[in-house]
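1. Could you look at this predicted model? Sequence included:
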Amino acid sequence: MEQRLIQSPQMIQAMQVLQLPLLELSERIEQELTENPFLEVVEPERDVAGADGADAADGGAAEARAERADAGPASDGADAMLDYLERMDRDFGDGGPPRAAGGEEGDRKYEAMLNAPESARTLAAEVLDQLSALELTDRERTVLEYVVWSLDERGYLTETPATLAHELTREVQRALGASGVDAILEEAGAPSAVFAEEPPTLEEPIRPASDAADEVAARLGEPEGPDPAGADPARADAARAGAAEEGTASTLALEPSEEDGASQTPAVSPDGHASGKDASAIDTSAIDTGGEARGEDALDDGDMVVTEDEVRDALERLREAVHPGLGALDLRECLLLQLPSKGLWNPLMRQLIERHLEDVRANRLPQIARSTGHDIEEVKAAIELLQGLDPSPGAGFGEASAEVIHPEVMVHLDEEDGTIEVRLDRERTPSLRMSPMYQTQAFRKLLKEGDPEERDWARKKLEAASWFIDALAQRQSTLERISTALFQRQKGFLERGKEALKPLRMQEIADEVGVHISTVSRGVAGKHAQTPRGIFPLKFFFTGGTTKSSGEATSQISIKERIKAIVAAEDPARPLSDEGIAKALEDSEGIKIARRTVTKYRKALEIASSTQRRQY
């Protein structure tokens, strides 16, 4: 024999509604109002019963459901259907006449549309707005826009300039079309194999930080000076000479060399700007299908290839106009690019960025001092300046959408007598009722003279409306009972804060309220409570814990708060290790936990290790 748990549609709907957070519940209510003509919102000024009527409706919900279950509507027969409608009106209506649509409800929806937040702007859109005033040719602006759209959310480039030049050249070829490219190549006398579908790979490895620094120095026109780390001067001179010639040697490798006996590859510059989020939106209106150029900015035969130098020039314009660290390939290059504009281009700052970033993160100041030949005070001053640089130059652009939290549970503590008042925010959840539209003569005539399909449709919509109203009432009742039991258990938190939180399991609340533990889990999921100590998710108040030496139970959150207090009071020159924190907890609070538990809690609190916290 096999046992199965069968859930009715009403039970499934009630569980789904219970689990919905407040904002999603509002969306679900709007959806039901749109799909079901038998539901309508009870306007506040017409809700003459007020709060007492709502409580009476909650108390009589079970009785009404039982009555409707015993006298469910018949699939045939207009009289039975009308009797069913009368019971719906008695349970959920207010007996008033039907109201015309629109009016204040339309005003509320229009106001909500006006107050809707604007869609967030992206990093590329913000940067392009700042670059719009630059005087550039169409070709220069196209390359610059392609570079901007290639930035990630931190403002870094994920591809090298040579790869970007290659990709942009490919996009130009796609925009022109195969026939146009072949015609231009044939006219210029270049081999069509140069623009094969799979050109040779042109990706170059990311340059070391020292190469990036040499390029910055060459761009500034400043001499490097002797390397403080004792590098070979001859090798440094050779590197600088190579950097000076890099502009002529770094063109895109789509040009056939003289050894191959081929002429120089013609190139075409797109007319117009890249107007979309990818380079496929390049405007090619000045190019016909035969490869011939027309218009004021006709494409020359020598401009088909976008070179690496053009991409680097675009990066220079971007950094000068917006932020000096934009377009870097890694963190080291990003920090090095910002040194000249901050007036920090000196050997010590360069050494910290090129060779000792990991040591800076680990707070290994003595090792840095020995390696650089400076004392610790100079190293500390340089690190303080280093911390003023921007590691994510793209983070200051665009808009980050913040999560909107609407607390549904309101908790008030009376400080005089210590009583706790828990209520739900009913203002954000509209009250629903059965629409009196069925009381019209036209609807009654439809039920009596309509075909069976129409009567069956009306019956299903009426059942769905009554089930949804029942589910909303059950949700409010269940959530209010769970919240009341929860804050009666956590009264110490309301009085003294997080340190007074007690260990609490969902099973304890389920036993007290008289529901299954899964109902408690659904009831608190995504819900927030506004308390005298701030706004917290309801799940925050369910926490494990341990027992003190005195026998009193303490929660994990309380232990974390004690760890924060111990670290804040320690000697910065001699910070406590995790084992030392565990011993301090046992000595001062009687809380005995393992060192690895302290490590786990410390990392959860984002507290650095004792080595990183030490101040020299």
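-> All right, it came through fine.

2. residue contacts, P537?
-> By Cβ atoms under 8 Å, 6 or more residues apart in numbering, P537 lies in contact with V524, G526, K527, H528, A529. (Glycine included, C-beta is placed from N, CA and C.)

3. Which one of the residues you listed sits in the busiest neighbourhood?
-> V524 (24 neighbours; other Cβ atoms under 10 Å).

4. Do I have it right that that one meets F542?
-> Yes - contact criterion Cβ atoms under 8 Å: V524 and F542 qualify, at 7.5 Å.

5. what's the burial count for E145?
-> Taking other Cβ under 10 Å as the criterion, the count of residues near E145 is 23.

6. Quickly note the distance from it to R596.
-> To R596, E145 is 52 Å away according to Cβ to Cβ, to the nearest Å.

7. Equivalent analysis for R433, please.
-> Separation of R433 from R596 (Cβ to Cβ) stands at 58 Å.

8. Compare those two and say which is more crowded by neighbours.
-> Counting neighbours by other Cβ under 10 Å for R433 and for R596 shows that R433 has the greater number, 22 against 10.

9. So which elements touch the one helix or strand that one maps to?
-> Secondary-structure assignment from DSSP states H and E places R433 in strand 432-434. With contacts taken as 3 or more Cβ pairs under 8 Å, 6 or more residues apart in numbering; DSSP states H and E, strand 432-434 sits against helix 22-35, strand 39-41, helix 78-92, helix 452-489.

10. For that strand, the averaged confidence score.
-> Averaged over strand 432-434, pLDDT sits at 84.

11. Next: stretch 556-576.
-> On average, stretch 556-576 scores 90.

12. about what we covered before: out of the helices and strands packed on strand 432-434, nearest to S371?
-> helix 22-35 (54.7 Å; Cβ to Cβ).

13. which residues are in contact with the closest one?
-> Contacting residues not belonging to helix 22-35 are listed as 17, 20, 39-41, 404, 406, 408, 425, 428-430, 432, 464-465, 468, 472, 475, 526-527 [Cβ under 8 Å, 6+ apart].

14. Now do it and helix 452-489, the angle between them.
-> 160 degrees (axes from the mean of the first three to the mean of the last three Cα atoms, to 10 degrees).

15. can you pull the buried residues of helix 22-35?
-> Buried residues in helix 22-35, counting neighbours by 16 or more other Cβ atoms under 10 Å, are found at L22, L25, R28, I29, E32, L33.

16. Looking at these, which is nearest K592?
-> Nearest to K592, judged by Cβ to Cβ, of these is L22 at 41.4 Å.

17. any idea how far that closest one is from R475?
-> 11 Å.

18. Same check on T599?
-> Counting by Cβ to Cβ, the gap from T599 to R475 is 42 Å.

19. Counting neighbours, go ahead and name the busier of these two.
-> R475 (22 against 16).

20. contacting residues for the more buried one?
-> Neighbours of R475 in contact, by Cβ under 8 Å, 6+ apart: A14, V17, L18, L25.

21. so what does the helix or strand where K380 lies touch, helix or strand wise?
-> Assigned by DSSP H and E, K380 belongs to helix 376-386. Packing contacts for helix 376-386, counted by 3+ Cβ pairs under 8 Å, 6+ apart, involve helix 347-355, helix 365-372.

22. Which one of those helices lies nearest to K460?
-> Between these, helix 347-355 lies closest to K460; by Cβ to Cβ that is 69.8 Å.

23. Of all the residues in the following helix or strand past that closest one, which ones are buried?
-> Using DSSP H and E, the next helix or strand after helix 347-355 towards the C-terminus is helix 357-361. By 16+ other Cβ under 10 Å, the buried positions in helix 357-361 come out as D359, V360.

24. Contacts for helix 357-361, please.
-> Outside of helix 357-361, the residues within contact range by Cβ under 8 Å, 6+ apart are L331, R332, L352, L365, Q367, I368, I383, L386, Q612.

25. Out of the helices and strands packed on helix 376-386, which is closest to A395?
-> Nearest of these (Cβ to Cβ): helix 347-355, 19.1 Å.

26. buried sites along stretch 404-414?
-> P407, E408, V409, V411, L413.

27. ditto for stretch 382-394
-> Within stretch 382-394, judged by 16+ other Cβ under 10 Å, the buried ones are A382, I383, L385, L386, L389, D390, P391, P393, G394.
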